[in-house]
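Q: Sequence and predicted structure are below.
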Amino acid sequence: TGLGPEKTSFFQALGITTKISRGTIEILSDVGLIKTGDKVGASEATLLNMLNISPFSYGLIIQQVYDNGSVYSPEVLDITEAALQARFLEGVRNIASVCLEIGYPTLASVPHSIINGYKRVLAVAVETDYSFPLADKVKEFLADPSAFAAAAAPVAAAETAAAPAAKEEVKEESEESDDDIGFGLFDGD
């Protein structure tokens, strides 16, 4: 504890077992002196003060946030990592789109500029006699779309199997809603 042997009376008054070792008081076992919500008595407060222990915490509960004439609820200060990341990505997308539009290369817009340039070169290669390996592949697909359909058939078969069931459900719902309206042009109701 760092306290001299003359202070043992405080510990004895609180029922704390101690011994004197090397000129200071040593507490023999862990003691719960006070608990949350309990009132602190005079002897407990004196002992805690001598040990330089401050069991109190102070805080601030925000009721409203005022900024430039606007008042907000305190929830505006609860910024999650996901919300921060979403805002950052939104900003990067905006920068990329503006830079793409004005033709200014940035780290965010260069990949899109390269892809757009490749698409233009591919379009020129398809319309002219200029050729390179990937352009030849696109020309083959355009010349024989059935080859492309055969390559996409396994994927399309899985999608079309689920699509008719969904379409039938949608049709049934729309028919029911038309019947329930009850307002016809020539109804006498």
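A: Done, it's in.

Q: what about the helix or strand harbouring residue 123, average pLDDT?
A: Per DSSP states H and E: residue 123 is located in helix 110-127. Across helix 110-127, pLDDT averages out at 89.

Q: for it, packing partners?
A: Applying 3 or more Cβ pairs under 8 Å, 6 or more residues apart in numbering; DSSP states H and E, one finds that helix 110-127 makes contact with helix 81-102, helix 133-143. Yep, even glycine has a C-beta here, placed from its N, CA and C like the rest.

Q: Report the spatially nearest residue to residue 13, omitting neighbours in sequence.
A: Among residues not flanking residue 13 along the chain, residue 43 sits closest, at 5.4 Å (Cβ to Cβ, 6 or more residues apart in numbering).

Q: Distance of that neighbour relative to residue 53?
A: 14 Å (Cβ to Cβ, to the nearest Å).

Q: Counting neighbours, go ahead and name the busier of those two.
A: residue 43 (14 against 11; other Cβ atoms under 10 Å).

Q: check contacts around the more buried one.
A: Residues in contact with residue 43, defined by Cβ atoms under 8 Å, 6 or more residues apart in numbering, are 10, 13-14.

Q: Need the pLDDT of the residue nearest to residue 125 when sequence neighbours are not counted.
A: Computed as Cβ to Cβ, 6+ apart, the closest residue to residue 125 that is not its neighbour in sequence is residue 135, at 3.7 Å. For residue 135, the model assigns a pLDDT of 84.

Q: right, and residue 113 touches residue 105 too?
A: Yes - using Cβ atoms under 8 Å, residue 113 is in contact with residue 105, at 6.3 Å.

Q: Give the residue from those two that has the larger number of neighbours.
A: Between residue 113 and residue 105, counted using other Cβ under 10 Å, the more crowded position is residue 113 (16 against 11).

Q: just to revisit the earlier point, most neighbours of all the contacts of residue 43, which one?
A: Ranked by neighbours (other Cβ under 10 Å), the contacts of residue 43 are led by residue 10, which has 18 neighbours.

Q: Quick check: which element contains that one?
A: helix 8-13.

Q: Within the helices and strands, which one has the residue nearest to residue 13?
A: Assigned by DSSP H and E, residue 43 falls in helix 42-50.

Q: buried sites along that helix?
A: 44, 47-48 (16 or more other Cβ atoms under 10 Å).

Q: Find the residue at the geometric middle of this protein.
A: By Cα atoms, centre = their mean, the chain has its centre lying nearest to residue 82, at 1.7 Å.
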